[in-house]
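S.K.: Requesting a structural model of the entry that follows:
(4 chains)
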Protein chains: 2
Amino acid sequence: MPRSSNTPTTKAASVTLATVAQRAGVSPQTVSNALNSPELLRPETLDRVLRTIDELGYRPHRAAQTLRTRSSKLIGYGIRPTAPGVSAPVMDRFLHALSQTAAEAGYRILLFATPPDSAGLDGYEELLDLHSVDGFVLSGTERGDRRQAWLEKRGVPFVAFGRMWSGRQIGDWVDVDGASGTDAAVEHLVGLGHRRIAFLGWPRGSGAGDDRAEGWQRAMQRHGLPVRGRRAQSVDDIGSAQAAVGPLLDAGATAVVAASDMLALGCYHALRERRLLPGTDVAVVGFDDNPMAELLSPGLSSIAQPLEAVGRECVRLLLARMSRAGAPPERVLLEPALVVRDSTSASDD
Amino acid sequence: MPRSSNTPTTKAASVTLATVAQRAGVSPQTVSNALNSPELLRPETLDRVLRTIDELGYRPHRAAQTLRTRSSKLIGYGIRPTAPGVSAPVMDRFLHALSQTAAEAGYRILLFATPPDSAGLDGYEELLDLHSVDGFVLSGTERGDRRQAWLEKRGVPFVAFGRMWSGRQIGDWVDVDGASGTDAAVEHLVGLGHRRIAFLGWPRGSGAGDDRAEGWQRAMQRHGLPVRGRRAQSVDDIGSAQAAVGPLLDAGATAVVAASDMLALGCYHALRERRLLPGTDVAVVGFDDNPMAELLSPGLSSIAQPLEAVGRECVRLLLARMSRAGAPPERVLLEPALVVRDSTSASDD
DNA sequence: TAGGGTTCTTGGAACGCTCCAATGCCTGAG
DNA sequence: CTCAGGCATTGGAGCGTTCCAAGAACCCTA
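M.R.: Predicted coordinates:
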């Protein structure tokens, strides 16, 4: 008994191309064409086939398509074990944007966990020839990261979230302009009347960290402000940060730009230790706009990364790369945005 | 020219079952058996085949397997748009555990974004017959969630992170015993000498919230402590929490158990407003152990959910469900752990 | 040595789709 | 009226795997 039409119901057992073809009175190939190359069909036929597809609730079987076309419409994304303290919420927003944008283009994100101890490339290889993923999105790129070279050698499309900080530039990437963020922070502080603006960064050698330091430095120099003696460094840990920022405060800094919210929080603690109030006595700016930033008191001004945009751009570049393989690499640098809160109120410098 | 053996090199173009079979001098079917039903082969043959597989670096093609077996070894996981402020880091740790455990069993996680506005079921349906996912992991379950019933009706294996708070219990789930957590918090506070212990919860009606309230209440009653006038409620927002907890503090509470870290933070603010110190003057306990908890000063005692364990259990239950379809549902309730920090130091009640 | 039961191995088909080449149909020119 | 030529559609094969049933080799017993 034919199912009642016009209801794109759940398919009973399995509606295949052949089912549709039979019902529409055409050959299976024609149904395939209706979906993949509609311009080949006479409008009349096309319409009839599409209507039948709709009636039967037909959906092409991805595994069969993959087997035939050698393309899975899957994008691999390796999640690394969360380094505690590092921006976990970051990944969440990013992943969502990634997944959503990919879905709009008919792609899905296939997750794979990089075991904590592995060199990391096995996982990629496995995903590649097991699941025939069409490409990868990399994140958490580091200095001396071997993944880009490895993927390029194999001719696998990929996009990295995070530029390459050393060596030859390989492949497409999307990144956030950290220097521009800290530059804007200095600009903001100068506008509030600050002149003795310190920078609390990570130890030199981390790409992102040096980038953020550079933005502070150039903005300072642009305003003719001295940078000597106004800079300290600490690992991304609250205790160390608290200790490291001390000398800067004691040397009379009225504002601190930090390379991360964690470091900024170290400043808060160092200030409390000295019976000073963040925002009132000394301005503080963080980086990453961790959700906690707005919960602190006073709320921490911070530089927010446009994670949704990064996710979208990653997918866009990846799709572009997949469609025209040999094209010159494309690189996108996105602007972060300074979110002003109470930790940078008017200066009483 | 035969490739140099004993090096599980990357496969040249595509090594298939047939390649291996020819090289090992057996039929394709025998190679398949070597992998799927090794007990059928004579040890000698098995060994030879396996060695050949190794030499050639052969990997079965998942799409072909999926097409034939109708099982993709894929587990679907729908990520919802992150409600800001809500436990984003939660998802990160959970996802990682999920992905890792699944990988160990030869499964992978296929992400799909639930568009913010959708009813939510289309995505599941699509994943189901497009990618032939073998099952789903649900999270962010809500009162009146229709997903469980929908999936069960279709006979699709699934596991939910979060029990069903209303209606008929459907399917397997893994959840964290919130009541046990708040109970333990009260126990801890009583041990420190507190007697006037208040509870700051969410508005009634949310399953998890009521559960957490109940743990506080039963522990109070067990110790013969009054609960009347010691309870307030607020939406999960820092300002509202601050306002809501005021009367409790003014009524002389010496400790507050909050249903979330956000609410606990509201307490911090309310205390500062009254020139009281959290931890010293009034003890505060949060829930979820958000990374920010240990960054606050004083560090916020909080109840940590065992997210890694939840992830592992979800996979375990799902695999079990897939293997023996009709079995009675299995439900796992995991114990959270109270993490003690400076916000609950010795009482000076 | 023949028979019967194991144990191991094989050939053929099928999963649902898309590629390729070839067919039928129609129109317009010779 | 016939035939070239373009367009719409079709048939057949094959992607790599596993299922099914049947075949070959083997060992033991009569």
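
S.K.: can you map out the strands along the stretch 1-150 of chain A?
M.R.: Remark: strands assigned in the stretch 1-150 of chain A by DSSP state E, counting those that start in this stretch are A:74-79, A:108-113, A:135-138.

S.K.: in its sheet, what does the last one sit against?
M.R.: It stands for strand A:135-138. strand A:74-79 (parallel), strand A:158-161 (parallel) (DSSP bridges).

S.K.: on that earlier part again, now the strands of the stretch 1-150 of chain A as CSV including mean pLDDT and mean neighbour count?
M.R.: Every C-beta, even on glycine, is put in place using the N, C-alpha and C of the backbone. Shown next, in CSV, are the strands of the stretch 1-150 of chain A (pLDDT from 0 to 100; neighbours: other CB atoms under 10 Å in any protein chain shown):
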stretch, mean pLDDT, mean neighbour count
strand A:74-79, 88, 24
strand A:108-113, 90, 24
strand A:135-138, 92, 22
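
S.K.: Now render these as a markdown table, adding distance to A:Arg316.
M.R.: Listed next are those as a markdown table, based on distance: least, CB to CB, whole Å:
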| stretch | distance to A:Arg316 |
| --- | --- |
| strand A:74-79 | 12 |
| strand A:108-113 | 15 |
| strand A:135-138 | 11 |
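
S.K.: The closest residue to DNA strand C within the stretch 101-250 of chain A - nearest residue in space that isn't next to it in sequence?
M.R.: Of the residues in the stretch 101-250 of chain A, the one nearest DNA strand C is A:Gly106, at a distance of 11.7 Å by CB to the nearest atom of the strand. In this structure, A:Gly106 finds its nearest non-sequential neighbour in A:Lys73, 5.8 Å apart by CB to CB, 6 or more residues apart in numbering or on different chains.

S.K.: now A:Leu128
M.R.: A:Val156 (6.4 Å).

S.K.: Same check on A:Met91?
M.R.: Excluding the flanking residues, the one nearest A:Met91 by CB to CB, 6+ apart is B:Asp92, at 5.4 Å.

S.K.: So the one you found is in contact with A:His96, correct?
M.R.: No: when contacts are counted by CB atoms under 8 Å, B:Asp92 is not listed as touching A:His96 (11.5 Å).

S.K.: Let me know how buried A:Ala255 is, in neighbour terms.
M.R.: 27 (other CB atoms under 10 Å in any protein chain shown).

S.K.: what bridges to it?
M.R.: Beta-bridge partners of A:Ala255, as defined by DSSP bridges: A:Ile197, A:Ala283.

S.K.: what sits against it?
M.R.: When contacts are counted by CB atoms under 8 Å, 6 or more residues apart in numbering or on different chains, A:Ala255 is found next to A:189, A:192, A:194, A:196-198, A:282-285, A:344, A:347.

S.K.: Repeat the analysis, applying 6 Å as the threshold.
M.R.: Residues in contact with A:Ala255 (CB atoms under 6 Å, 6 or more residues apart in numbering or on different chains) are A:189, A:194, A:197, A:283.

S.K.: any chance of those in TSV, plus pLDDT and neighbour count?
M.R.: Formatted as TSV, these follow (pLDDT from 0 to 100; neighbours: other CB under 10 Å):
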residue	pLDDT	neighbour count
A:Leu189	97	27
A:His194	96	21
A:Ile197	97	25
A:Ala283	97	28
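
S.K.: In CSV: the strands of the stretch 1-150 of chain A, plus distance to DNA strand C.
M.R.: Listed next are those as CSV, based on distance: least, CB to the nearest atom of the strand, whole Å:
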stretch, distance to DNA strand C
strand A:74-79, 15
strand A:108-113, 16
strand A:135-138, 18
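
S.K.: Among these, which comes closest to B:Thr254?
M.R.: The minimum distance between B:Thr254 and the strands of the stretch 1-150 of chain A falls on strand A:74-79, with 43.0 Å, by CB to CB.

S.K.: Give me the pLDDT for the nearest residue to A:Thr141 once chain neighbours are set aside.
M.R.: In this structure, A:Thr141 finds its nearest non-sequential neighbour in A:Gly162, 3.7 Å apart by CB to CB, 6+ apart. If you check A:Gly162, the pLDDT there is 90.

S.K.: residue ranges with poor pLDDT in chain A?
M.R.: Low-confidence segments of chain A (pLDDT under 70): A:1-13, A:81-90, A:115-120, A:346-349.

S.K.: Can you name the residues of it that neighbour chain B?
M.R.: A:59, A:62-64, A:66-67, A:79, A:82, A:88-89, A:91-93, A:96, A:99-100, A:103, A:108-111, A:113, A:129-131, A:265, A:292, A:295 (CB under 6 Å from any CB of the partner chain).

S.K.: Generate a ChimeraX selection restricted to the buried subset of those residues.
M.R.: If you want just the buried ones from the residues of chain A next to chain B in ChimeraX, going by 16 or more other CB atoms under 10 Å in any protein chain shown, the selection is:
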select /A:59,62,63,66,67,79,82,88,89,91,92,93,96,99,100,103,108,109,110,111,113,129,130,131,265,292,295
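
S.K.: and DNA strand D, which of the residues of chain A next to chain B reach it?
M.R.: Applying CB under 7 Å from any atom of the strand to the residues of chain A next to chain B, one finds that A:64, A:67 fall near DNA strand D.

S.K.: Return the subset of the residues of chain A next to chain B lying in helices.
M.R.: Among the residues of chain A next to chain B, the ones falling in helices (DSSP state H) are A:62-64, A:66-67, A:88-89, A:91-93, A:96, A:99-100, A:103, A:129-131, A:265.

S.K.: before we move on, the earlier item: just flag the most distant two among the contacts of A:Ala255.
M.R.: Spatial extent of those (CB to CB) is set by the pair A:Ile197 and A:Ala283 at 8.3 Å.

S.K.: Next, show the common contact partners of the two.
M.R.: A:189, A:255.

S.K.: circling back to that earlier point, of the strands of the stretch 1-150 of chain A, which approaches B:Glu125 most closely?
M.R.: Nearest of these to B:Glu125, taken as CB to CB: strand A:108-113 at 14.2 Å.

S.K.: Okay, now the sheet partners of that closest one, with direction.
M.R.: Paired neighbours of strand A:108-113 in the sheet (DSSP bridges): strand A:74-79 (parallel), strand B:108-113 (antiparallel).

S.K.: CA atoms only: put the last one into PDB for me.
M.R.: Pointing back at strand B:108-113 there. What follows is strand B:108-113, C-alpha atoms only, in PDB (Å, rounded to 0.1, in the frame of the first residue of the first chain):
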ATOM      1  CA  ARG B 108      34.200   8.200  17.000                       C
ATOM      2  CA  ILE B 109      32.100  11.200  17.900                       C
ATOM      3  CA  LEU B 110      30.200  13.000  15.200                       C
ATOM      4  CA  LEU B 111      29.300  16.500  16.200                       C
ATOM      5  CA  PHE B 112      26.300  18.300  15.000                       C
ATOM      6  CA  ALA B 113      25.200  21.700  15.900                       C
END
